[in-house]
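# Need the 3D shape of this:
(2 chains)
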Amino acid sequence: MYTKNGESYFIVDAHIALWDARPENQRNIHGKQFIDCFYDYHANLSPESEKWTYEEYLYQGGTRLMKDLFEDGYVDHAIFQPAYLGEFYHRGFGQTEEASALAAAHPDKLTYNHCFDPRNGEQGLEQLHADAERFNLKGVKLYTAEWHGDSRGYKLTDPWAMRYLEACRDLGIRNIHIHKGPTIRPLDRDAFDVADIDHVATDFTDLNFVVEHCGLPRLEDFCWIATQEPNVHGGLAVAMPFIHTRPRYFAQIMGELLYWIGEDRIQFASDYALWTPRWLVEAFVDFQIPEDMTEYGPITTDQKKKILGLNAAKMYDIAVPAHLQLPNADETATGPREPERADLAHV
Amino acid sequence: MTATALGAPALTEDAVRRALDVVIDPELDEPITDLGFVRSVRVDDGLVEVHLRLPTSFCAPNFAYLMASDAKDAITALAGVTHVVVELDDHHDSEIINRGLAADAGYVGTFRHEADQDLDELRATFQRKAHTAAMERVLTALLRARPDLPESEVGTVVLADLPDDEHTASLLRRRTAIGLGNHPQAPVLVDAHGVTYPPDQVPMALRRARSTRISIDGNAHFCRGLLQTRYPGSEQDQAPRADAAFFSPESLFTPPSDTPAPHTQEIA
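Numbering: from 1, shown residues only, chains lettered A, B, ... in the order given. Model (predicted):
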């Protein structure tokens, strides 16, 4: 819970990880390249005071995670969204055992989502059934650029991926978090393209599709499909820290999301341990869209409350104190919100 | 310009860099020379060796290949060049890409089983996005400059209505790239096929174009920053985009608090 100026905000961090990228777990050079890339993201977008050393960054561990999120970070509930990356790390990148044990020990604070890879075929489907039972899964995290033998990615419309989504439907796994990455098979097309999400969102209207990084670097494609599909949501992982280094760009991202998909389908995430939630929550509560950006309306306190926690809490049935709950906006289910705010003459 | 006895420009490092100005990062719609992606240029008689670098080792390999092979083509076309080596440094696919470039294997030959077809469609997709963003830049600039122009009339603006400036020149180049003509009476707000929008869809079309422009500009700034983090000093090889829109990069992206304000001189 975060309270400022008499307003209380219930905080759900909808995208966290507990990773191990230490050299002894790196399978090859790509394991180092991957964590180096993350560290550059961290170093480039964090305020000086929030920067970790590279050594700290390689592995944070459960004790530090609990402190960073729940003691220091104002977070009420957080959701693990692990990436496996078995081609880069001996024991995987996301630490399944440690993270799921932590979630089991703190069910009021942590939800463990697991991952699957449709290229594992029948065997993977059986594993998904076992994992759903073991972890009581409500959601899964899919990284479509995951390397797998000779393949370096897949699309959600691949026949096996569709079968896994059907299994999710049967198993009560309703929340599908999708993280697009730079590779896909075949490599000819844009790996960040979100057209496959459009397709499966239409086919699986009873599932929620949360597009992480709100589609960045293809914000425009994400907004366009999400405005047409009421079950497509935007996760703010990676977008959040722009609030510090590039506040006007962050304002544009928020303005676009509120315009195209509305206040009920945007979820806060620190992407821990890429960044820590404390400074992001503080900055977001203080944030306002600059007055000269008249093409966007100001962001309201209620909208911030929904984004910081209420939206994800609703999706995951996380209990929120009654006095902090808010009703859905009286908005269109599809199409742009408040189109009258497209004040073109004053941009 | 210095000329050789044959009348062709001398083959210098600078000439090579200027040749590389035509190589565009398709996602960011800017020259690799302005983005700081050219790490080094070495000219030894007719031999040219160029090293490229990218903001992360996990930048998309298809775009990485596209820029590297375009770079090799651009240098090969220079007079006096006998041998060209272009290498992409520090990328997860450096080995594959550099081997393919050395052998002139083409995209499919380079990525073999991972590639089904050439990158023409990928390139075309991003040329269309670049056109969309350029269109938004000129029209929003026009709306700002002419408060009398109602947004409902934006669909009637033709090329001849645009000022003679860098935004317009940029739009004309991008129209040409996707096969649109540049007749003075050609409407500005069009889709990738040159088709105009019905009046009631004009505001939405412009709004959607704006999200494309925001996306491209935002990515370009992020990539510039990441390159600086990865290769300290590389900012000296970067130049802001020539047709930067509305907000200077400084006003759009200056960190609010990291850089301490200059302290007032204390009197001892």
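# Tell me where chain B has helices.
Here chain B has its helices, by DSSP state H, at B:13-20, B:32-35, B:61-76, B:94-102, B:106-111, B:120-145, B:166-177, B:202-230, B:249-253.
# Let me have those helices in CSV, extended by mean neighbour count.
Heads up, the C-betas are built off the backbone N, CA and C, glycines and all. Output for the helices of chain B, formatted as CSV (neighbours: other C-beta atoms under 10 Å in any protein chain shown):
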stretch, mean neighbour count
helix B:13-20, 18
helix B:32-35, 22
helix B:61-76, 22
helix B:94-102, 17
helix B:106-111, 19
helix B:120-145, 20
helix B:166-177, 18
helix B:202-230, 22
helix B:249-253, 15
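# Now render these as TSV, adding mean pLDDT.
Listed next are these as TSV, based on pLDDT from 0 to 100:
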stretch	mean pLDDT
helix B:13-20	97
helix B:32-35	98
helix B:61-76	97
helix B:94-102	97
helix B:106-111	95
helix B:120-145	95
helix B:166-177	96
helix B:202-230	94
helix B:249-253	42
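# With distance to A:Glu126 added, can I get these in a markdown table?
A markdown table is the format used below for those (distance: least, C-beta to C-beta, whole Å):
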| stretch | distance to A:Glu126 |
| --- | --- |
| helix B:13-20 | 53 |
| helix B:32-35 | 47 |
| helix B:61-76 | 33 |
| helix B:94-102 | 34 |
| helix B:106-111 | 33 |
| helix B:120-145 | 37 |
| helix B:166-177 | 50 |
| helix B:202-230 | 40 |
| helix B:249-253 | 49 |
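# Run through the stretch 201-347 of chain A and note the low-pLDDT ranges.
Along the stretch 201-347 of chain A, segments meeting pLDDT under 70 span A:338-347.
# shouldn't B:Gly36 be in contact with B:Cys223?
No: checked against C-beta atoms under 8 Å, the pair B:Gly36 and B:Cys223 is beyond contact range at 9.3 Å.
# Please tell me how far the closest residue to A:His106 other than its chain neighbours sits from chain B.
Spatial nearest neighbour of A:His106, chain neighbours left out: A:Met66 (7.6 Å); criterion: C-beta to C-beta, 6 or more residues apart in numbering or on different chains. Going from A:Met66 to chain B by C-beta to the nearest C-beta, to the nearest Å gives 28 Å.
# Is A:Met66 located within a strand, as I assumed?
No: checked against DSSP: H, G, I helix; E, B strand; the rest coil, A:Met66 lies outside a strand; its state is helix.
# since we're on it, how many residues are nearby?
The local packing of A:Met66 (other C-beta atoms under 10 Å in any protein chain shown) involves 19 other residues.
# And B:Asp148, by the same measure?
Number of residues near B:Asp148 (other C-beta under 10 Å) recorded here: 6.
# now do A:Arg91
13.
# Kindly confirm my reading that it is in a helix.
No: A:Arg91: not assigned to a helix; according to three-state DSSP it is coil.
# List the residues that contact it.
Each residue near A:Arg91 by C-beta atoms under 8 Å, 6 or more residues apart in numbering or on different chains is listed here: A:Asp20, A:Asn25.
# Got the confidence number for it?
Here, the pLDDT recorded for A:Arg91 equals 98.
# ok, residue 29 - contacts?
Just going to use chain A. B:His92.
# Sorry, I should have been clearer: chain B.
B:Asp29 neighbours (C-beta under 8 Å, 6+ apart): B:Phe126, B:Lys129, B:Ala130, B:Ala133, B:Ile216, B:Ala220.
# before we move on, what about A:Thr301?
By C-beta under 8 Å, 6+ apart, the residues touching A:Thr301 are A:Glu7.
# Look at A:Lys306 and tell me its secondary structure.
helix.
# measure it to chain B for me?
As judged by C-beta to the nearest C-beta, A:Lys306 and chain B stand 22 Å apart.
# now that residue: how far from A:Phe70?
Using C-beta to C-beta, to the nearest Å, one obtains 21 Å as the distance from A:Lys306 to A:Phe70.
# thinking again about what came up before, among the contacts of B:Asp29, which ones lie close to chain A?
When contact is defined as C-beta under 8 Å from any C-beta of the partner chain, the contacts of B:Asp29 meet chain A at B:Phe126, B:Lys129.
# Please, where are all the helices along the stretch 101-250 of chain A?
Assigned by DSSP state H, counting those that start in this stretch, the helices in the stretch 101-250 of chain A fall at A:121-135, A:159-171, A:195-203, A:219-226, A:242-245, A:247-260.
# just to revisit the earlier point, so for A:Lys306 and A:Phe70, which residue has more residues nearby?
A side-by-side neighbour count of A:Lys306 and A:Phe70, using other C-beta under 10 Å, places A:Lys306 first with 26 against 19.
# Quick check: neighbours shared by B:Gly36 and B:Cys223?
Residues touching both B:Gly36 and B:Cys223 (C-beta under 8 Å, 6+ apart): there are none.
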